[in-house]
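[1] Using only what follows, build the 3D model:
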Amino acid sequence: MKTVIIGGVAGGASAAARLRRLDETAEIILLERGEFVSFANCGLPYYIGGAIKQQENLTVQTPEGFRQRFNIDVRIFSEAVKINRDAKEVVVRNVVSGEEYTEMYDNLILSPGAEPIKPALGAQDSLRVFTLRNIPDTLKIKNFINNWHPKTAVVVGGGYIGVEMADNLKHAGLDVTIVEMADHLIAPLDFDMAADVYNYALQMGIHVLLKKGVQKITDTGSGLSVELTEGVLTCDMLIMSVGVRPESALAKEAGLEVNSRGAIVTDNHMRTNDPFIYALGDAVQITDFITGNPGFIPLAGPANKQGRIAADNICGIESIYTGTQGSAVLKFFDMTVATTGLNEKAATLAGIDYDKTYTYSANHATYYPGANQMSVKVLWEKATKKIIGAQIVGFDGVDKRMDVLATAIRFGAKVTDLTALELCYAPPFGSAKDPVNMVGFVAENVEKGLVQQFFWHDVKDLPRDGSVTLLDVRTKGEINSVSFLPYGVIDGFENIPLDELRQNLDTIPKDKPVYIHCVSGLRSYIACRILSGLGYTCYNLAGGWRLYYSVMTASE
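    Down below sits the predicted model:
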């Protein structure tokens, strides 16, 4: 059996290694048009910023090492330019010499990846304009910084790569501006969770321009002029990071099915409409694990799994891909941002009737030094209580909590099941009530009707005419410490600290709904339970004043 693999990075390399482990006698040819195989795409920004010191650390495996360990015929600088499906052959061009030859196959695996979108905005050929996809791109950026000593940089696009690049360019000594057309950074986050990222970016010295599009880029000789929908920026270098598209031209020309976005369509065995051709990785259409709808979510983890699945099926082992849920994590300076599943926009588009909750919990016991808070948002389907999405923004410990939530989603857990999870606890690592447990406790209270919620986006519409009671149960000290800030005190809310609530019940009319907030939502929940137990109708601000303040300041 002879298998030819086009593309030697995550998915292709994974498929090649799995094929060899399953069949020692198989002939395996790996074609890669670049110089490197099995390199760490996700590590590229950190080499630019200096966290990764050695270039060789970016490669998981060299072509020589791949050959020696797996007995795979690795051919770098070899570009597949045509697939002849009837003859089951690939036309291969040596990108150095230009010579072409044909290679027969029994099975073909396509793993070409995705290419950066490069809008025609001018200055496409400028040595100051960059995209980041592979090691040569990385070296161009690194060499430009080392040799030309730029002072300022613009990153167009505030997605994962754009934000990571902003971080690493800042570490390289540049003054950095992110320009993002949407109203918030990192599209998988909802606006309210992205507000923390925006505010932190400003704190770390990153300039962020939201709801701004780039209209034109001009190389002035001494730098770049970047014309926006409003205003003009000047900079020494620019990173174009507005997204990627499937690199599927080869597949399309061969008559393989692609969707309207250009992603290659496969079944759950990773097989295309040609039974002898498989496709995987960033070039393929995926099935959303939550909704079952087709989608495009280019991530390294799914690509590696798909490579393994394709190899299994080629070797006669029944193996299926069960869908992508979009689990991802980002390091932004010291902040950690993680997502999995659906956000509110996606859930709404899918027609899911959902509920949500916010918690604000410490990463470990607060009495142990170094504790810090993480903001957690979880969505669940009302009818089934199944978790459909989660977002966490914080610092230490975010990744492990998101991994628990991602696992819960994969196994169909209800949000209330989180209360029963027995997670590791010791003061340096967690709390007896882990942040994941806390999500379950809050959701359980909501589901059982023990608390009614209102949200930051409801605050502006609450009546201030005396028909409802608006109550702030923070301490006097807490209010005094932030009262000078815009939105430090929410308009119309009267302050009665929680510990003084029972002594002031005569000032709270029983025939009016009461809307309560504290800093995080915990003490206001306790206040709601006190008042509900005495016959009041009470609503708790989910996420508390802290979330409200973060969103309001990011909205300006």
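
[2] C-alpha from now on. contacts and neighbour counts both.
    Will do.

[3] For V514, give me phi and psi.
    Backbone torsions of V514, given as degrees, to the nearest 10, read phi -110, psi 130.

[4] Contact partners for the most centrally placed residue in the chain?
    In the chain, the C-alpha closest to the average C-alpha coordinate belongs to A328, at a distance of 4.5 Å (CA atoms, centre = their mean). Contact analysis of A328 by CA atoms under 8 Å, 6 or more residues apart in numbering lists 299, 338-340.

[5] partner residues bridging it?
    T339 (DSSP bridges).

[6] Now do the same for it: its pLDDT.
    pLDDT for A328: 97.

[7] what does I135 give?
    85.

[8] what do you get for T229?
    95.

[9] Ok, P112 next?
    95.

[10] so what's the closest residue to it other than its chain neighbours up against?
    Distance criterion CA to CA, 6 or more residues apart in numbering; nearest residue to P112, sequence neighbours excluded, is G7 at 4.9 Å. Going by CA under 8 Å, 6+ apart, G7 touches 13, 30-33, 110-113.

[11] picking that back up, determine which two of the contacts of A328 are furthest apart.
    Pairwise distances across the contacts of A328 (CA to CA) peak at 13.5 Å, for the pair L299 and A338.

[12] The two - which one has more neighbours?
    A338 (23 against 16; other CA atoms under 10 Å).

[13] The more buried one contacts M402, correct?
    Yes - A338 is within contact range of M402, at 6.5 Å (criterion: CA atoms under 8 Å).

[14] joint contacts of those two?
    Common contacts of A338 and M402, defined by CA under 8 Å, 6+ apart, comprise 391-392.

[15] Relative to D434, which of the contacts of A328 is nearest.
    Taking those together and measuring to D434 by CA to CA, the closest member is A338, at 17.1 Å.

[16] Quick one: residues contacting the closest one.
    A338 neighbours (CA under 8 Å, 6+ apart): 327-330, 391-393, 398-399, 402.

[17] and the gap between it and A443?
    20 Å (CA to CA, to the nearest Å).

[18] what's the farthest-apart pair in the contacts of G7?
    L30 and G113 (14.4 Å).

[19] how many other residues sit next to A383?
    Based on other CA under 10 Å, the number of other residues close to A383 is 10.

[20] so what's it closest to, chain neighbours aside?
    Nearest one to A383, counting by CA to CA, 6+ apart, is D353 at 7.6 Å.

[21] so N134 touches P45, yeah?
    No - contact criterion CA under 8 Å: N134 and P45 do not qualify, at 10.3 Å.

[22] how far out from the middle of the chain is the helix or strand V179 falls within?
    Secondary-structure assignment from DSSP states H and E places V179 in strand 175-180. When distances are taken as CA atoms, centre = their mean, to the nearest Å, strand 175-180 is centred 19 Å away from the chain's centroid.

[23] now stretch 545-553
    Relative to the centre of its chain, stretch 545-553 is centred 22 Å away, using CA atoms, centre = their mean.

[24] What residues sit buried inside that stretch?
    545-551 (16 or more other CA atoms under 10 Å).

[25] Can you pull the poorly scored residue ranges out of the stretch 1-150 of the chain?
    For the stretch 1-150 of the chain, the stretches flagged by pLDDT under 70 are 40.

[26] Could you pull out the helices in it for me?
    Taking DSSP state H, counting those that start in this stretch as the test, the helices found in the stretch 1-150 of the chain are 10-22, 44-49, 63-70, 135-148.

[27] Of the ones you listed, flag the one that's most buried.
    Here the criterion is mean neighbour count by mean count of other CA atoms under 10 Å, and of the helices of the stretch 1-150 of the chain the winner is helix 10-22, at a mean of 24.

[28] Who are the packing partners of that helix?
    If you count contacts as 3 or more CA pairs under 8 Å, 6 or more residues apart in numbering; DSSP states H and E, helix 10-22 packs onto strand 2-6, strand 27-32, helix 300-314.

[29] L185: which of these is closest?
    It's helix 300-314; of the helices and strands packed on helix 10-22, that one is closest to L185 (CA to CA) at 21.1 Å.

[30] Point out the other helices and strands that that closest one packs with.
    By 3+ CA pairs under 8 Å, 6+ apart, helix 300-314 packs against helix 10-22.

[31] what angle sits between the least confident helix or strand in the chain by mean pLDDT and helix 10-22?
    Ranked by mean pLDDT, DSSP states H and E, the weakest helix or strand in the chain is helix 63-70, scoring a mean of 86. Here helix 63-70 runs at an angle of 30 degrees relative to helix 10-22 (axes from the mean of the first three to the mean of the last three CA atoms, to 10 degrees).
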